[in-house]
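# Could you work out the structure for the sequence below:
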Amino acid sequence: MNSLEQAEDLKAFERRLTEYISCLQPATGRWRMILIVVSVCTATGAWNWLIDPDTQKVSFLSSLWNHPFFTISCITLIALFFAGIHKRVVAPSIIAARCRTVLAEYNMSCDDTGKLILKPRPNIQ
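Predicted coordinates for the structure are as follows:
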């Protein structure tokens with residue numbers, strides 16, 4: 001391959017990487033909002049569950065039955081984590097980090113948006 005073809009390949013790779021990472025951004029934002037809302041609901045429900053004086057007097061299952069908001073929030077949060085929300089929230093950064101690992105062999109890197117960063121060649125003496 002001549003240098004012109006190599007440059008075109010790099011440009012195409014950079015365009016595709018930035019396109020892919022930018023397509024993930026809206027979904028990542030939605031998943032972050034869902035995680036924040038469910039976490040706040042769980043924390044609020046936990047606070048109400050803990051300050052309720054009846055919680056200490058009844059069994060654990062009865063206390064959960066008496067606080068359905070907390071119970072549903074906890075179940076939802078656990079289900080979201082089993083569904084992989086922790087990976088969906090950070091998906092663009094995972095992809096960028098993996099690309100950096102592969103590109104390091106070629107004295108290159110990329111930023112969080114997928115733009116390539118060319119590094120100078122090391123001087124071998």
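
# elements contacting the helix or strand harbouring Leu50?
Using DSSP states H and E, Leu50 falls within helix 3-51. On a contact count with 3 or more CB pairs under 8 Å, 6 or more residues apart in numbering; DSSP states H and E, helix 3-51 meets helix 68-82, helix 85-89, helix 91-103, strand 116-118. C-betas here are computed from N, CA, C, even on glycine.

# tell me the mean pLDDT over the third one?
It stands for helix 91-103. Averaged over helix 91-103, pLDDT sits at 91.

# What are the buried residues along that helix?
Neighbour-count burial for helix 91-103, counted by 16 or more other CB atoms under 10 Å, picks out Ala91, Pro92, Ile95, Ala96, Cys99, Leu103.

# Next: the second one.
By neighbour count, and taking 16+ other CB under 10 Å as the criterion, the buried residues in helix 85-89 are Ile85, Arg88, Val89.

# of all the helices and strands packed on helix 3-51, which lies closest to Pro53?
helix 68-82 (15.4 Å; CB to CB).

# got the buried residues for that closest one?
The neighbour-count check on helix 68-82 (16+ other CB under 10 Å) flags Phe70, Thr71, Ser73, Cys74, Leu77, Leu80 as buried.

# relative to helix 3-51, how tilted is that helix?
Helix 68-82 and helix 3-51 are oriented at 150 degrees to each other (axes from the mean of the first three to the mean of the last three CA atoms, to 10 degrees).

# starting at the chain centroid, how far to helix 68-82?
With CA atoms, centre = their mean, to the nearest Å as the basis, helix 68-82 stands 19 Å off its chain's centre.

# In CSV, could you pull the C-alpha coordinates for that helix?
Provided in CSV are the C-alpha atoms of helix 68-82 (Å, rounded to 0.1, in the frame of the first residue of the first chain):
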residue,chain,number,x,y,z
PRO,A,68,-43.8,-1.3,48.2
PHE,A,69,-42.1,1.8,46.7
PHE,A,70,-38.7,0.7,48.2
THR,A,71,-39.3,-2.9,47.3
ILE,A,72,-40.2,-2.2,43.6
SER,A,73,-37.3,0.3,43.3
CYS,A,74,-34.8,-2.3,44.7
ILE,A,75,-36.1,-5.0,42.4
THR,A,76,-35.9,-2.6,39.4
LEU,A,77,-32.4,-1.5,40.2
ILE,A,78,-31.2,-5.1,40.6
ALA,A,79,-32.9,-6.1,37.3
LEU,A,80,-31.2,-3.2,35.5
PHE,A,81,-27.8,-4.3,36.8
PHE,A,82,-28.5,-7.9,35.7
